[in-house]
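S.K.: fold the following.
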Amino acid sequence: GPSFCLAPDAFNPPSSHFDKNTSEKFKRRIDLNFSFFITNYAAITAGTSFIVILLHPKMVIYCGLLYILWKIHSIIAKESILLVFMNQNIGKYLTIEIRTRALYLMTIWVVVVYCLQPVLTALTLSLLMVLVHAVMRDPKQVENGFVSVGGKMRSYRENDSDDGNDS
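M.R.: Numbers count the residues shown, from 1 in each chain. Have a look, this model is predicted:
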């Protein structure tokens with residue numbers, strides 16, 4: 001069958017010149033492509049995030065350590081376990097509130113120092129890839145390919161592609 005995803009004319013600009021309808025063409029094209037390719041865009045975002053996470057092992061290690069510390073704190077608080085060190089109950093000095101505040105501070109530190117830059121990188125890369133695809137992918141190709149498979153899709157006006165019929 002036809003390979004509409006890899007067709008040479010599947011990607012083209014929405015308009016060859018700017019006029020009063022250009023912004024509407026961009027919006028219609030992006031809306032249709034988002035509605036059709038939403039699962040692909042989610043997969044791209046997940047895959048990009050996974051690769052960025054793998055490129056930042058310190059972030060993974062610190063997040064794992066933080067998770068373990070929160071889990072231990074939760075178990076100690078839930079089970080009312082005494083904190084005994086060298087036959088001294090240090091629980092009266094390190095109360096649940098103090099431990100919780102310390103864990104909150106550590107969590108904020110890890111998020112800001114180790115997680116913020118990778119998260120912003122993953123979101124920026126994903127957004128860039130998705131937007132370029134959504135703007136450049138010709139919706140006529142999407143509609144024709146989708147309808148030929150037998151699915152349903154909302155209608156789309158024919159004059160979106162740059163086929164010389166711009167007004």
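S.K.: going forward, measure contacts between C-alpha atoms and count neighbours the same way
M.R.: Fine.
S.K.: residues in contact with residue 91?
M.R.: The contact partners of residue 91, by C-alpha atoms under 8 Å, 6 or more residues apart in numbering, come to 82, 83, 84.
S.K.: if we go to 7 Å?
M.R.: For residue 91, the contact set (C-alpha atoms under 7 Å, 6 or more residues apart in numbering) comprises 82, 83.
S.K.: so what pLDDT did it get?
M.R.: Looking at residue 91, its pLDDT is 77.
S.K.: what's the answer for residue 140, then?
M.R.: For residue 140, the predicted pLDDT is 71.
S.K.: burial measure for it, as a count.
M.R.: 19 (other C-alpha atoms under 10 Å).
S.K.: tell me which helix or strand it sits in.
M.R.: helix 139-149 (DSSP states H and E).
S.K.: where's the closest residue to residue 96 other than its chain neighbours relative to residue 36, distance?
M.R.: Using C-alpha to C-alpha, 6 or more residues apart in numbering and skipping residues adjacent in sequence, the residue nearest residue 96 is residue 77, 6.9 Å away. As judged by C-alpha to C-alpha, to the nearest Å, residue 77 and residue 36 stand 48 Å apart.
S.K.: please apply the same query to residue 65.
M.R.: 40 Å.
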